[in-house]
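J.: no sequence on this one, just coordinates:
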């Protein structure tokens, strides 16, 4: 593609859409991410085993996965704005239930409800991005949207931890409810209907549409790549705060600063990686980032007690690898589906992502062992080795996705040339 395409600016409305989708992603990601820094607090206050906390995390993921599969068949039959508003209000209600949970079982129930709605929001957002932005711009869009991950660490998690330390672990969820309610109103008022996909729909039923989407070989390869990426990503994440506190000897009051610094690094690196992904081969960016992450995983999972400054630096390096994989891989996978299949593809992809994440959290809880709630986590380095193996498989899977997209683009060029010659 030419530099003119790469350098073309977003329209004011496109910028508004990116901001709105970024804010919805921010609240959904924060709702999930806040479980990690609250992990040590939850395990101590409720006397939970690592396996029980793993289930608290995976309960959200499994329900989100089921919801994605149930939604896939009719995801392309509605205005994407209305679909986003429906599931987002359900997410807000579920998060409110988390804020009033007073036992382990009520927390699990609330997390399942939140997952049923929240788990689909990411796929709807991805479908909207794919509808409104061409592949040549999508790396930048993904870069800005993935900034919500960093923003949740810079703003959401430190503030949430401060609130949790002052008023209890339930209070961050109430904070998310208030913020998400404001975002819901902004989307309702400002976002235009997104209905272009409705013009190319067939009369097949929801079940047939789901089966049609699953039956396509190139889609299945994309699904598998997404699942493998999630397995590696979710396996370590839930234990971040517990490892920092019990193994690296970070205090509960130092934890917000640790998340803030690593989040700031994400805010800096995401737009850069997005632009880089649009200018050079996305698979190359993904491969370099994966190699970097593998090195950091091997180092980080074998750390013992070190000064806070070194822990912050290691977290920044670690975050650079994780985030730099997400942008190019998301942009590549989003390019696979046709317009009429996009909602279903994104829903299934999101479903597999959540289910894989739930499996990863559960497996991680079984690999890691803690003698009591104040002892160091054991076998964390074993978990790191598993993640390294999964990362190598991911490189191969994303390579296959990249190869298919290049073939699709060549076919589109040939079709365009034939049509032009006929004219």
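T.: Alright, I've got the coordinates. Not measured: the values here are computed from a predicted model.
J.: when you work out contacts or count neighbours from here on, use the C-alpha atoms and nothing else.
T.: Fine.
J.: hang on, residue 127 packs against residue 348?
T.: No - under the criterion of C-alpha atoms under 8 Å, residue 127 makes no contact with residue 348, lying 11.7 Å away.
J.: same drill for the two, tell me which one is more crowded.
T.: Taking other C-alpha atoms under 10 Å, residue 127 and residue 348 do not tie; residue 348 has more neighbours (30 against 25).
J.: helix, strand or coil for the more buried one?
T.: Residue 348 carries the three-state label helix when classified by DSSP: H, G, I helix; E, B strand; the rest coil.
J.: residue 35: what secondary structure?
T.: coil.
J.: so it touches residue 57, yeah?
T.: Yes - using C-alpha under 8 Å, residue 35 is in contact with residue 57, at 7.2 Å.
J.: find residues that contact each of the two.
T.: Counting by C-alpha atoms under 8 Å, 6 or more residues apart in numbering, the shared contacts of residue 35 and residue 57 are residue 238.
J.: more neighbours: these two, which one.
T.: residue 57 (27 against 23).
J.: I figured that one hits residue 38, correct?
T.: No - if you go by C-alpha under 8 Å, residue 57 and residue 38 don't touch, sitting 11.2 Å apart.
J.: mind giving me the packing neighbours of the helix or strand harbouring residue 124?
T.: Element membership of residue 124 [criterion: DSSP states H and E] is helix 104-132. Under the contact criterion of 3 or more C-alpha pairs under 8 Å, 6 or more residues apart in numbering; DSSP states H and E, helix 104-132 touches helix 12-33, helix 50-72, helix 80-99, helix 135-151, helix 308-334, helix 342-367.
J.: okay, the ones you listed, which one's buried deepest?
T.: The highest average neighbour count among these, using mean count of other C-alpha atoms under 10 Å, belongs to helix 342-367 at a mean of 27.
J.: the helix or strand following it versus helix 308-334: what angle between them?
T.: Downstream of helix 342-367, the first helix or strand assigned by DSSP H and E is helix 380-422. Interaxial angle, helix 380-422 versus helix 308-334 (axes from the mean of the first three to the mean of the last three C-alpha atoms, to 10 degrees): 30 degrees.
J.: average pLDDT for helix 380-422, rounded please.
T.: Per-residue pLDDT over helix 380-422 has a mean of 83.
J.: which strands or helices does that helix pack on?
T.: With contacts defined as 3+ C-alpha pairs under 8 Å, 6+ apart, helix 380-422 has these neighbours: helix 217-236, helix 282-300, helix 308-334, helix 342-367.
J.: now do 6 Å
T.: On a contact count with 3 or more C-alpha pairs under 6 Å, 6 or more residues apart in numbering; DSSP states H and E, helix 380-422 meets helix 217-236.
J.: quick one: mean pLDDT over the helix it packs on.
T.: 82.
J.: buried ones in it, by neighbour count?
T.: 218-236 (16 or more other C-alpha atoms under 10 Å).
J.: coming back round to it: quick check: buried residues in the helix holding residue 124?
T.: Buried residues in helix 104-132, defined by neighbour count with 16+ other C-alpha under 10 Å: 104, 107-131.
J.: chain center to that helix, what's the gap?
T.: Its chain's C-alpha centre and that of helix 104-132 lie 11 Å apart, by C-alpha atoms, centre = their mean, to the nearest Å.
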